[in-house]
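>>> what follows is a protein structure lacking sequence information:
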């Protein structure tokens with residue numbers, strides 16, 4: 001298990017962060033989760049999310065979180081699907097307009113059409129602050145392989161950790177406050193298990209260089 005996560009200027013005490021939700025999916029998985037888009041089911045200890053179109057299926061936690069939280073989960077694609085291992089946090093829904101994902105952060109592996117990994121603030125029409133992303137091609141996901149992901153935000157300082165390594169962080173100058181956590185298979189099939197949501201316990205992490213020469 002993770003002990004700490006080091007971000008730019010912040011240190012997260014992962015082990016000391018209180019657990020708010022622990023979900024080992026079973027036949028009664030809808031006690032904790034709300035299907036919002038796509039097809040969702042349960043199989044052999046895991047949630048299965050499927051979306052065949054060029055869009056994202058969405059699963060929301062029934063609980064909405066006001067605190068800074070992070071979600072950890074074990075996930076893989078279900079072959080022959082290979083792409084977009086996505087989760088959402090600080091997530092909201094547009095009930096009155098698009099009936100789809102509204103203000104939200106998205107983290108993902110093997111996505112953005114070119115096998116990229118990273119973080120995104122979901123673009124929302126009419127909101128000039130909503131189109132924000134940070135992606136890389138340097139992390140390579142092996143389709144069908146299970147990985148352990150952790151993602152969350154501290155007042156807009158978003159991050160994604162994969163198998164204990166920080167893959168991406170992004171600082172949003174106009175933070176999204178509160179919301180649901182969940183998952184978003186984008187034109188893919190995902191298998192998700194061992195889900196945990198923690199309230200983030202963190203402290204400032206001053207950083208400086210010692211002379212090298």
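Structure received. If you're wondering where the values come from, they're calculated on a predicted model, not measured in any experiment.

>>> just list whatever residues bridge to the residue at minimal distance from the centre of the chain.
The centroid of the chain falls nearest to residue 87 when counting by CA atoms, centre = their mean (3.2 Å). For residue 87, the beta-bridge partners under DSSP bridges are residue 107, residue 183.

>>> can I assume it is in contact with residue 107?
Yes - taking CB atoms under 8 Å as the definition, residue 87 is a contact partner of residue 107 at 5.4 Å. To be clear about C-beta, it is placed using only N, CA and C from the backbone, and glycine gets the same treatment.

>>> which neighbours do these two have in common?
Here residue 87 and residue 107 have 149, 151 as joint contacts, going by CB atoms under 8 Å, 6 or more residues apart in numbering.

>>> okay, now the unreliable bits of this protein?
Along the chain, the model assigns pLDDT under 70 to residues 1.

>>> quick one, helices of it?
Along the chain, no segments are classed as helices by DSSP state H.

>>> so where's the longest strand in this protein?
The single longest strand within the chain, with elements called by DSSP state E, is strand 186-199.

>>> starting at the chain centroid, how far to that strand?
Centroid separation between strand 186-199 and its chain, computed with CA atoms, centre = their mean, to the nearest Å, is 8 Å.

>>> who does it pair up with?
Here, using DSSP bridges, strand 186-199 pairs with strand 19-23 (antiparallel), strand 46-56 (antiparallel), strand 69-77 (antiparallel).

>>> which of those sits closest to residue 189?
Of all the strands paired with strand 186-199, it is strand 46-56 that lies closest to residue 189, at 4.8 Å by CB to CB.
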